[in-house]
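A.B. asks: Show me the folded form of this:
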Amino acid sequence: MLAFGGEDPLAAEDAGAALPGTERAGLPPSFLSVDTDGRVVRCDTFSKWVSPGLRCGFVTAPRPLIVKLAQGAGPSLGVSSPVQVFLVEMLR
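C.D. replies: Numbers count the residues shown, from 1 in each chain. The predicted structure is shown next:
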C-alpha cells in the first residue's frame, strides 16, 4: 500500500526508470513499482536519454486511464511529426 490516503491518483516523475538497462543504484523503489491499487501515473521523457531537443514524453498508468487520455488527446499532443517518426523507428 502506498503511503498516502484517499482515492486520488498520484502523479510521479521518475526519469529513466522505464528504460531498459537502467539501474536504480541504491535509490528507493519507484512509486509505480509499489503501487497495488493502480493509482500511480508516471510521466517519463525521451529527452533524458535520447536528446534534450526532442521534447517528447510518455505516460505509464493503469490501462483505463491510458484509454481516456488517448480518447481526448488526439494523435500528436503537439509533438512534431518528424520527432514522432524518429522515435517510432528508434523503438522498433
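
A.B. asks: what helix or strand does V67 sit in?
C.D. replies: Under the criterion of DSSP states H and E, V67 resides in helix 63-73.

A.B. asks: Return the set of buried residues in that helix.
C.D. replies: Within helix 63-73, no residue counts as buried by 16 or more other C-beta atoms under 10 Å. Glycine gets a C-beta too; all of them are placed from N, C-alpha and C.

A.B. asks: Please pull up the helix or strand immediately following it.
C.D. replies: Immediately after helix 63-73, counting by DSSP H and E, sits helix 81-91.

A.B. asks: returning to what we had before: can you tell me what sits against the helix holding V67?
C.D. replies: 9, 41, 59, 61 (C-beta atoms under 8 Å, 6 or more residues apart in numbering).

A.B. asks: can you dump the C-alpha coordinates of it into PDB?
C.D. replies: In PDB, the C-alpha atoms belonging to helix 63-73 read as follows (Å, rounded to 0.1, in the frame of the first residue of the first chain):
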ATOM      1  CA  ARG A  63      -5.000   0.900 -18.700                       C
ATOM      2  CA  PRO A  64      -8.400   2.700 -18.100                       C
ATOM      3  CA  LEU A  65      -6.600   6.000 -17.700                       C
ATOM      4  CA  ILE A  66      -4.400   5.500 -20.800                       C
ATOM      5  CA  VAL A  67      -7.600   4.800 -22.800                       C
ATOM      6  CA  LYS A  68      -9.200   8.100 -21.500                       C
ATOM      7  CA  LEU A  69      -6.100  10.000 -22.300                       C
ATOM      8  CA  ALA A  70      -5.900   8.600 -25.800                       C
ATOM      9  CA  GLN A  71      -9.500   9.400 -26.500                       C
ATOM     10  CA  GLY A  72      -9.200  13.100 -25.600                       C
ATOM     11  CA  ALA A  73      -5.600  13.800 -26.600                       C
END
